[in-house]
Each structure stands twice: as C-alpha cells, then as structure tokens.
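K.L.:
Sequence first, then the predicted structure:
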Amino acid sequence: MRQSLFLIPFILFYSFLATAQLQNPKQFFGYEMGEEFHFHHKVVAYYEHVAQNSDLFKLMPYGKTNEGRALIYGVVASKKNMARLDDIRKDNLKRIGLLDGTVNSKDAPPIIWLSYNVHGNESAGTNAAPQVLYELVNTKNKNTQTWLEDAIIILDPCINPDGYNRYVNWYKQARNKTPNTNAISREHNEPWPGGRTNHYLFDLNRDWAWLTQTESKQRLKVYQEWMPHVHVDFHEMGFNSPYYFAPAAKPYHKYITDFQGDFQVAIGKTNAKYFDKENWLYYTKEIFDLFYPSYGDTYPTFNGAIGMTYEQG
C-alpha cells in the first residue's frame with residue numbers, strides 16, 4: 001500500500017508529460033495558420049503526431065495516390081466511443097442492411113464525415129484541417145468535448161494530394177515577398193494544368209459514383225465501411241465571393257427525401273446564426289444543385305446521408 005501511494009505522484013507527472021506533448025498547429029508547423037501553405041506531407045505528419053499523442057484520435061491510412069502520396073483519414077471520438085468504435089461502425093451498417101447480424105447497442109451516435117480539398121487548388125480546406133483536428137482533440141475546449149460525447153467525427157484532410165501539392169509548390173515559387181493584392185499579379189494566375197485535378201487531370205469531384213480514379217476507388221471503399229449520416233464537402237471560391245453553405249438550389253432530384261431537404265435547411269439556419277453573429281457574408285440556395293450523382297454532396301445524399309457543399313470565399 002505504501003509503495004503504491006509513493007508511485008502516485010510519478011504516475012501523475014508522467015501522465016502530464018504525455019498530455020503536454022500534444023502540439024497545436026502553430027507549435028508544430030512553426031507559423032500562424034494562414035501565413036503559409038502546408039505541404040501535404042506536413043499535414044500527414046501533423047495527423048500522425050496527434051494520433052501518437054491523443055487517445056481521442058485514431059489515424060487510418062487508406063491508400064496512395066498515383067504520385068505515391070499518402071491518402072489518410074482519421075476518426076475523432078470520446079474515450080467511451082473510441083473504446084467501442086468498431087461496434088458503432090458495424091451497428092450502423094446493420095441498421096441500414098449492409099451487414100448481417102444483431103445490433104449490439106441502442107445508442108447510435110451520428111457519424112459525421114468532413115472531406116477537404118477534392119479540388120487541389122482550393123487550398124483553404126487542407127490548410128484548415130490541422131486546426132480542426134486540434135480543436136476536436138483539445139481537452140480544454142469544452143465545446144468540442146461536449147460534441148464528442150454525442151458524435152463520431154471523421155476527417156479526410158486532403159482527397160486530392162497530387163493536385164494540392166502541385167498548386168502549393170507553384171504558389172511558393174510564384175508568390176511575391178510582399179503579398180500583392182493586384183488580381184493580375186502572377187501569384188494570382190495559376191498556369192495550366194493547375195492544381196484542381198489529380199495526376200491524370202481528372203476532376204475527382206465528378207468521380208464519386210463512377211470510380212475511374214485510384215483516389216476515388218480507395219476512398220469509397222472505406223466510406224462504405226462507415227456510411228456516415230452527414231458528409232460535408234469543403235471547397236473554395238473566388239475572392240469576390242462570400243461563403244456558400246446548404247441548403248442547395250431547388251428543385252431537388254425526386255429521390256431526395258423531404259427529411260433530407262428539411263435537414264439541410266435546419267443545418268443551414270444554424271450556420272447562418274453563427275455567421276450573422278460575426279457579420280460574415282454568405283448565401284444559400286442560388287447555385288449548386290443536387291442532381292448529378294457523382295459530387296461530394298450528391299453521392300452521400302443518394303446513399304441516405306445529409307450531403308452538403310461548403311464553399312469558402
């Protein structure tokens with residue numbers, strides 16, 4: 001008993017050290033978020049760092065691009081849900097008829113999947129992804145810790161690493177020492193083929209259903225192992241545009257249910273509440289339809305989820 005009491009201060013001390021090892025993005029990358037573009041391999045390294053230093057995050061590589069870059073996704077969950085993560089995943093598949101067997105638990109936390117940078121030169125997404133991950137696993141952030149009690153969150157920090165790195169590498173070569181706001185400056189005029197597409201110059205946001213590209217084939221395999229309830233596809237628009245989020249433009253495809261449409265409206269109103277509080281400009285409904293089945297919002301929607309496009313201006 002006396003020996004056990006003697007060990008308690010040392011256990012607490014080393015537990016503190018393990019927690020203190022988790023770095024925020026500024027500490028890890030060495031600059032404020034938004035000051036520099038992250039290269040893709042550094043984003044992967046940060047996700048690996050968090051996986052090694054947080055028991056709220058599990059990293060899962062799912063393949064390679066044509067140019068050999070890692071395709072990864074990770075799952076963030078509370079300690080309670082992380083301990084039964086595979087049961088939650090399998091129960092979800094059983095409920096929708098994709099897996100045989102008896103559902104083990106009546107508790108069904110929603111599974112939310114966030115996808116960044118399907119278009120490589122819409123670079124805001126991948127550059128935000130490390131900060132999003134950090135805030136989710138940061139135990140001092142009471143809001144996110146409350147969210148994790150009720151939801152499983154999946155993050156894919158970069159769907160299109162080859163296109164993304166093509167853009168980032170070009171921009172670092174072309175930019176001015178002092179940023180130039182003139183729209184005709186070289187740093188704002190990306191040459192062909194640009195970073196939008198993958199190695200074979202294919203638009204991966206047209207390939208969710210057809211699976212012609214290696215990134216799509218590998219991603220959809222793991223997507224169908226989870227079948228999330230909400231999928232958000234993050235994009236970026238021109239600098240003269242504000243922010244776009246759901247609900248999408250009407251009319252909707254006839255196979256999209258009233259529940260899905262109403263849920264889009266509910267989420268959109270919640271987004272708008274926070275944007276109004278900050279006096280940020282946004283719009284909804286005007287464009288981005290839900291007809292073509294191979295987008296990052298429509299493929300999930302046609303498979304029963306609430307699929308949404310977000311566009312950063």
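P.N.:
That came through fine. Numbers count the residues shown, from 1 in each chain.

K.L.:
In contact with the closest residue to Asn66 other than its chain neighbours, which residues are there?
P.N.:
Nearest non-adjacent residue to Asn66, counting by CB to CB, 6 or more residues apart in numbering: His199, 3.8 Å away. (C-beta placed from N, C-alpha, C; glycine too.) When contacts are counted by CB atoms under 8 Å, 6 or more residues apart in numbering, His199 touches Thr65, Asn66, Glu67, Asp162, Gly163.

K.L.:
So the last one lies in a strand, does it not?
P.N.:
So that's Gly163. No. With DSSP: H, G, I helix; E, B strand; the rest coil as the criterion, Gly163 is helix rather than part of a strand.

K.L.:
Quick one: residues contacting it.
P.N.:
By CB under 8 Å, 6+ apart, the contact list for Gly163 reads His119, Gly120, Asn121, Gly194, Gly195, Arg196, Thr197, Asn198, His199, Leu204.

K.L.:
if we can go back for a sec, for the contacts of His199, which entry has the maximal number of neighbours?
P.N.:
Counting neighbours by other CB atoms under 10 Å, Gly163 comes out on top of the contacts of His199 with 31 neighbours.

K.L.:
ok, the closest residue to that residue other than its chain neighbours - contacts?
P.N.:
In space, and not counting its chain neighbours, Gly163 is closest to Gly120: 2.5 Å by CB to CB, 6+ apart. Neighbour list for Gly120: Asn160, Pro161, Asp162, Gly163, Tyr164, Asn165, Arg166, Tyr167, Gly195, Arg196, Thr197, Asn198 [criterion: CB under 8 Å, 6+ apart].

K.L.:
Dump the contacts of His199 into JSON lines; add pLDDT as well.
P.N.:
Supplementary listing: the contacts of His199 in JSON lines, determined by pLDDT from 0 to 100:
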{"residue": "Thr65", "pLDDT": "98"}
{"residue": "Asn66", "pLDDT": "98"}
{"residue": "Glu67", "pLDDT": "98"}
{"residue": "Asp162", "pLDDT": "98"}
{"residue": "Gly163", "pLDDT": "98"}
